[in-house]
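K.L.:
model this:
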Amino acid sequence: MNGIPNEAAQTEDFEFAALSEAKNYRHALLAEYSGHLRGTVLEVGAGIGQLTGLLLKNDAIGKLVSIEPDARFCARLRQAFPSHTLVQGTILNAPEERWDAILNINVLEHIPDDRLELERYRRLLAPAGGTLCLFVPARPEIYAPIDRDFGHFRRYTRAGLRARLQQAGFEVLKLRYYNIAGYFAWWLNFRLLRRRHFSSEAVRIFDRLIFPPVHGIERALCPPPVGQSLLAVARAKHD
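P.N.:
Numbers count the residues shown, from 1 in each chain. The predicted structure follows:
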């Protein structure tokens, strides 16, 4: 199963309809990687293209290729962006070339052997400054039934993710917790109350009213001590 996403995922369409409301969140997230998403970029785990559309508008990206293993999601992505280059499969099906950047958003937690997956990313990155832009769920103590429904094998700690990246041959440039408000919202709704679905209205309220000021404080002052996710940028080291 190496390199193959967790097929135990049960939540229909990964709640894409509700998460489509997280517009501020998506823009802010990609802004964190703006200095690295340039040249040739490989998007791993594109889903239905909620980030792909924003990436295609980025003039710094000369070539964008997306990979997605789910045939249903690929069909929807092709319908939305018919001229975009999309590969149905996993990193094993990626075009054999060296990439300036690999973007991996909420994918690694679905992979049984995450270190082997990271090693495959490293081998695909350009030897001179190729970077991995990585985003994963954080903090095992808030792992909830909905994580299991999504097919998540794990939630990461900062130390654990740093070790995984270094073992796979990366130099960690940036690694920090992200979205402290989301940490407590996830703990309350999904860990404590054990809810199994997102509410579109709740996502919209969080995205419009809560996330922007909290994110602004995080950026202006200091990274939070915990967060719903971990954000990492790592440079590939080559022998």
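
K.L.:
OK, contacts around I180?
P.N.:
Applying C-beta atoms under 8 Å, 6 or more residues apart in numbering, we find I180 in contact with V214, E218, P224, P225, V226, G227, Q228. Quick note: C-beta positions are derived from backbone N, CA and C, even for glycine.

K.L.:
now tell me which helix or strand of the chain has the poorest mean pLDDT.
P.N.:
Taking mean pLDDT, DSSP states H and E as the measure, the helices and strands of the chain show their lowest mean at helix 16-19, namely a mean of 85.

K.L.:
which of the contacts of I180 fall within helices?
P.N.:
V214, E218 (DSSP state H).

K.L.:
among the contacts of I180, the buried ones, what's the ChimeraX command?
P.N.:
What follows is the ChimeraX syntax for the buried subset of these, where burial is set by 16 or more other C-beta atoms under 10 Å:
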select :214,218,224,226,227,228
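
K.L.:
reformat the contacts of I180 as a markdown table; add pLDDT.
P.N.:
Compiled in a markdown table, the contacts of I180 are given as follows (pLDDT from 0 to 100):
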| residue | pLDDT |
| --- | --- |
| V214 | 94 |
| E218 | 91 |
| P224 | 93 |
| P225 | 94 |
| V226 | 96 |
| G227 | 97 |
| Q228 | 98 |
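
K.L.:
follow-up on the earlier one: so which elements touch the least confident helix or strand of the chain?
P.N.:
Helix 16-19 sits against helix 200-205, with contacts defined as 3 or more C-beta pairs under 8 Å, 6 or more residues apart in numbering; DSSP states H and E.

K.L.:
packing partners of the helix it packs on?
P.N.:
Contacts defined by 3+ C-beta pairs under 8 Å, 6+ apart place helix 200-205 against helix 16-19.

K.L.:
run the chain-centre distance for the helix it packs on.
P.N.:
Mean C-alpha position of helix 16-19 versus that of the full chain (C-alpha atoms, centre = their mean, to the nearest Å) differs by 15 Å.

K.L.:
repeat that for stretch 73-88.
P.N.:
On C-alpha atoms, centre = their mean, the centre of stretch 73-88 falls 18 Å from the chain's centre.

K.L.:
residues in contact with it?
P.N.:
Residues outside stretch 73-88 that contact it (C-beta under 8 Å, 6+ apart) are 13, 46-49, 52-53, 56, 64-69, 71, 93-95.

K.L.:
now with 10 Å, please.
P.N.:
Stretch 73-88 has contacts (C-beta atoms under 10 Å, 6 or more residues apart in numbering) with 13-14, 16, 42-50, 52-53, 55-56, 63-71, 89, 93-95.

K.L.:
between the contacts of I180, which is closest to I105?
P.N.:
Distance to I105, by C-beta to C-beta, is smallest for Q228 among those, at 13.2 Å.

K.L.:
which element is the residue nearest to that closest one when sequence neighbours are not counted on?
P.N.:
In space, and not counting its chain neighbours, Q228 is closest to G182: 3.3 Å by C-beta to C-beta, 6 or more residues apart in numbering. Per DSSP states H and E: G182 is located in helix 180-186.

K.L.:
please spell out which residues along that helix are buried.
P.N.:
For helix 180-186, by 16+ other C-beta under 10 Å, it's I180, A181, G182, Y183, A185, W186.

K.L.:
now the contacts of I180 as a markdown table including distance to L132?
P.N.:
Shown next, in a markdown table, are the contacts of I180 (distance: C-beta to C-beta, whole Å):
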| residue | distance to L132 |
| --- | --- |
| V214 | 26 |
| E218 | 22 |
| P224 | 22 |
| P225 | 24 |
| V226 | 23 |
| G227 | 19 |
| Q228 | 20 |
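
K.L.:
quick one: which of the contacts of I180 is nearest R235?
P.N.:
Set against R235, the nearest of these by C-beta to C-beta is G227 (22.5 Å).

K.L.:
many thanks, we can stop here.
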